[in-house]
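S.K.: Here is my input; please provide its structure:
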Amino acid sequence: MDSFEAAVRNGKNRSLVNDLKAWAGNLRHARLVSATVESLLRWTITGTTWKAAVPYAYDVWAYLFGTPAPTWKEWNDSERKYEFDAEGWRRWFESLSVTDK
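M.R.: Residues are numbered from 1 along each chain as shown. Predicted coordinates:
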């Protein structure tokens, strides 16, 4: 988390780090909200100039949720936005219910 925090220089983006730290500091009573999870996922797959932070975001994701990170949102450089990948989301969601036998 410290490496991810050091790589994230922008104040707006630093709120993700602060949200994760607040959650980790009070696991018993805090909730990890979906907006925070989605923001972390965007960092793991980002195609922006913040590439230095991506490996650290991926490490945080892997620690919290395992690997691989889902790819149901992908960055479209030409459109400069994230696009929803329904098939990728379906595969990831189905993987949540798979149990080892």
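S.K.: Pull out the buried positions in whichever strand or helix holds residue 63.
M.R.: Assigned by DSSP states H and E, residue 63 belongs to helix 54-65. For helix 54-65, burial by neighbour count (16 or more other CB atoms under 10 Å) applies to 54, 56-58, 60-61, 65. Every residue, glycine included, has its C-beta placed from N, CA and C.
S.K.: what's downstream of it, the next helix or strand?
M.R.: strand 73-76.
S.K.: How far off centre is that following strand?
M.R.: How far strand 73-76 lies from its chain's middle: 13 Å, per CA atoms, centre = their mean, to the nearest Å.
S.K.: by contact count, what packs against it?
M.R.: helix 34-45, strand 81-84 (3 or more CB pairs under 8 Å, 6 or more residues apart in numbering; DSSP states H and E).
S.K.: for residue 90, what are its contacts?
M.R.: Listed by CB atoms under 8 Å, 6 or more residues apart in numbering, the contact set of residue 90 is empty.
S.K.: distance of it from residue 54?
M.R.: For residue 90, the distance to residue 54 equals 24 Å [CB to CB, to the nearest Å].
S.K.: Over to residue 28?
M.R.: 31 Å.
S.K.: could you check the angle helix 34-45 makes with the helix holding residue 63?
M.R.: 130 degrees (axes from the mean of the first three to the mean of the last three CA atoms, to 10 degrees).
S.K.: Just give me the neighbour total for residue 15.
M.R.: Neighbour count of residue 15, defined by other CB atoms under 10 Å: 13.
S.K.: Buried residues, the helix or strand containing it. List them.
M.R.: Element membership of residue 15, judged by DSSP H and E, is helix 11-25. By neighbour count on 16+ other CB under 10 Å, the buried set for helix 11-25 is 13, 16-17, 19-20, 23.
S.K.: Quick one: residues in contact with it.
M.R.: So helix 11-25 is contacted by 1, 4-5, 8, 30-33, 36, 39-40, 43, 50, 60 (CB under 8 Å, 6+ apart).
S.K.: Surely residue 7 is in contact with residue 60?
M.R.: No. Counting by CB atoms under 8 Å, residue 7 sits too far from residue 60 to count as a contact (11.2 Å).
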